[in-house]
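# heads up, no residue letters with this:
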């Protein structure tokens, strides 16, 4: 089969299309004929450092949508021809290929009317935002949430999920992306390049602070999130953990570390099953129009290295998806 191959850890510019043997599903697994795959920052990060579990050449790519074309033993929830999507295990060969293997119990169905590109845009960014906001922060109507990096994938999904829950959304974005994030549902936009973000949030909330923060940028912005929280507030951290102190704990906050794909390597079967459950919940929001999947670019497999190079700039709006 054709696949985009990483011959050794290195820059994404080293990725090249080549031929490898078609994989076969083991017990509890399915093989998917890949139709589309979403690009994510984790791809270029893993390409550069590699993984001890990999053999080379390795196939990257975690967010796959396609059609089941083979099932392993002990799989009864999927049939050949089913349309599915999933967030894969980063220790295993991924989806930048004509076929990919995944565990059956972590996979979600694609409803009629949702195309493969739309589905492939969801998993990493969409489920990360969903897990943080719904599962961990338990955001409710009437609360105020700071969603960091609103123009990015996790931020864009986060804004929309908060909107569906009836929360007030403050987000940070550059001036050029202000209208874009307002279009996603942000109530207030702070230009992080020009304004003192924490001071503006405290001003907006009358000094109280926000009920919750989705921290999705870096350690520095996670620390700003802590400063912006109201007493008893909560923060979900994706890209880095904040510094903690006695003053932090005096605010009686709760902190949640989000590591979506780590469920694959846990001994917690319920956490693995929840990958599929969240996938079903999230794609329903997309199917009924409540959440835009944020697809900004559709590219081919050969264009993936250039797409990942764009992501490395950390200034890409929305999602890039490759079609096969």
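Okay, I see it. These figures come from a predicted structure and were not determined experimentally.
# contacts, neighbours, all on C-alpha from now
OK.
# got the domain boundaries for the chain?
Split into domains by automatic domain parsing, the chain comes to 2-121+263-323, 125-258.
# Can you verify my assumption that residue 16 contacts residue 5?
Yes: between residue 16 and residue 5 there is a contact under C-alpha atoms under 8 Å: 5.4 Å.
# Those two: who's more crowded?
More crowded of residue 16 and residue 5, by other C-alpha atoms under 10 Å: residue 5, with 21 against 15.
# Okay, that one and residue 226: tell me how far apart.
As judged by C-alpha to C-alpha, to the nearest Å, residue 5 and residue 226 stand 41 Å apart.
# re earlier: format the domains of the chain as JSON lines; extra columns: mean pLDDT.
Shown next, in JSON lines, are the domains of the chain (pLDDT from 0 to 100):
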{"stretch": "domain 2-121+263-323", "mean pLDDT": "97"}
{"stretch": "domain 125-258", "mean pLDDT": "94"}
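# For residue 28, see how far away residue 294 is.
For residue 294, the distance to residue 28 - C-alpha to C-alpha - is 32 Å.
# What is the neighbour count of the residue nearest to residue 99 when sequence neighbours are not counted?
Using C-alpha to C-alpha, 6 or more residues apart in numbering and skipping the chain neighbours, the partner closest in space to residue 99 is residue 33 (4.6 Å). Residues within reach of residue 33, counting by other C-alpha under 10 Å, total 23.
# Residue 134 too?
The burial count assigned to residue 134 is 17, neighbours taken as other C-alpha under 10 Å.
# I'd like to know how many residues surround residue 300.
13.
# Next up, the contacts around it.
Going by C-alpha atoms under 8 Å, 6 or more residues apart in numbering, residue 300 touches 322, 323, 324.
# For it, grab phi and psi.
phi -100, psi 170 (degrees, to the nearest 10).
# Tell me which residue is most central in the protein.
residue 125 (1.7 Å; C-alpha atoms, centre = their mean).
# That one against residue 157, yeah?
Yes: under the contact definition of C-alpha under 8 Å, residue 125 touches residue 157, with a separation of 7.1 Å.
# just to revisit the earlier point, wasn't the residue nearest to residue 99 part of a helix?
No: assigned with DSSP: H, G, I helix; E, B strand; the rest coil, residue 33 falls outside any helix and is strand.
# how close does it get to residue 225?
41 Å.
# Same question for residue 24.
Counting by C-alpha to C-alpha, the separation of residue 24 from residue 225 is 45 Å.
# Comparing those two, which residue is more hemmed in?
Neighbour count, other C-alpha under 10 Å: between residue 24 and residue 225, residue 225 has more, with 27 against 14.
# Quick check: phi and psi on the residue lying closest to the more buried one once chain neighbours are set aside?
Leaving aside its sequence neighbours, residue 225 sits nearest to residue 213 (C-alpha to C-alpha, 6+ apart; 6.0 Å). Phi and psi for residue 213, reported as degrees, to the nearest 10, are phi -130, psi 130.
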